[in-house]
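**Q** here is the input, now give the coordinates:
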Amino acid sequence: MYVIIYDFGTGSVKTCLFEIDTGIRLAASATDEYGIYFSADGGAEQDTEEWWAALRRTTRELFKKSDIKPKEVEGLAFCSQMQGTVLVDKDGNALRRPMNYLDQKGVKEYRDCMGTGLIKVSGCSLYKLARNLIVNYAGSVSAKDPVWKYKWVESNEPEIYRKIYKWLDVGDYLVACATGKIVRTADSAFATFLYDTRKGKEGWNRDLLKM
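**A** As a prediction, this is how the structure comes out:
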């Protein structure tokens, strides 16, 4: 059988067509680039239309380079940069440019939530950090973490925030575009630092967002 794997990095996608039988053979590959847009306030954003255009171009290139037909492809998989923030409406449309993992606009939101208190560890409130560790075995310790991008939109773009249906990572968004189904994988959910990993309690814990 044949499968296509998309590797979405910070500035480019590497797309590969594999034949899987008793072994795995690379049948064709293609790459394409997209932009990253920096701003003076610490922003680092990308464009979903550029991602999708790069996906389409590289996919077409695979079939030009091989004699394999699209109908012979039995599966798709995505490997992508993580800790991005893609905010979508109920139809899966992005409400604003996604914030890349390098985005640091949420410095104030991070400090307001994690930087208060007398006892701190690496600039974080010991109480808040301990609370995160108990719930999900990890804690948000940087303004680049996706939760602060989400909170930044809440504070600075309330009209967009009110329209949010789901908050996705980069790979999750691409899966939604390809399948029409909005889902999050456990690993991308964990990277938000809001996913309760305790056995029997797996799920979102929005209380960790409370300031």
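**Q** shouldn't residue 128 be within a strand?
**A** No: applying DSSP: H, G, I helix; E, B strand; the rest coil, one finds residue 128 to be helix, outside a strand.
**Q** and the gap between it and residue 193?
**A** 11 Å (CB to CB, to the nearest Å). Just so you know, the C-beta spots here come from the backbone N, C-alpha and C atoms, and that holds for glycine as well.
**Q** any idea how far residue 110 lies from residue 56?
**A** For residue 110, the distance to residue 56 - CB to CB - is 36 Å.
**Q** who has more neighbours, those two?
**A** residue 110 (23 against 11; other CB atoms under 10 Å).
**Q** next up, identify which helix or strand the more buried one is on.
**A** Assigned by DSSP states H and E, residue 110 belongs to helix 107-114.
**Q** buried stuff in that helix?
**A** Residues of helix 107-114 classed as buried by neighbour count (16 or more other CB atoms under 10 Å): 107, 109-110, 113-114.
**Q** dead centre of the protein: give me the residue that sits there.
**A** residue 169 (1.9 Å; CA atoms, centre = their mean).
**Q** thinking again about what came up before, what average pLDDT does the helix holding residue 110 get?
**A** Mean per-residue pLDDT for helix 107-114: 83.
**Q** please apply the same query to stretch 89-100.
**A** On average, the pLDDT along stretch 89-100 is 95.
**Q** span of it from start to end?
**A** End-to-end distance for stretch 89-100, by CA to CA, to the nearest Å: 19 Å.
**Q** turn the buried residues of helix 107-114 into JSON lines, including distance to residue 41.
**A** Converted to JSON lines, the buried residues of helix 107-114 look like this (distance: CB to CB, whole Å):
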{"residue": "107", "distance to residue 41": "9"}
{"residue": "109", "distance to residue 41": "13"}
{"residue": "110", "distance to residue 41": "14"}
{"residue": "113", "distance to residue 41": "19"}
{"residue": "114", "distance to residue 41": "20"}
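**Q** nearest to residue 20 among those residues?
**A** Nearest to residue 20 out of the buried residues of helix 107-114 is residue 110 (CB to CB; 43.5 Å).
**Q** ok, that closest one to residue 143 distance?
**A** Counting by CB to CB - residue 110 and residue 143 are separated by 4 Å.
**Q** next SSE after the one helix or strand in the chain whose mean pLDDT sits lowest?
**A** Lowest by mean pLDDT, DSSP states H and E among the helices and strands of the chain is strand 120-121, with a mean of 66. Downstream of strand 120-121, the next assigned helix or strand under DSSP H and E is strand 124-125.
**Q** mind checking how far that following strand is from the chain centre?
**A** Distance, stretch centre to chain centre, for strand 124-125: 25 Å (CA atoms, centre = their mean, to the nearest Å).
**Q** no further questions, thank you.
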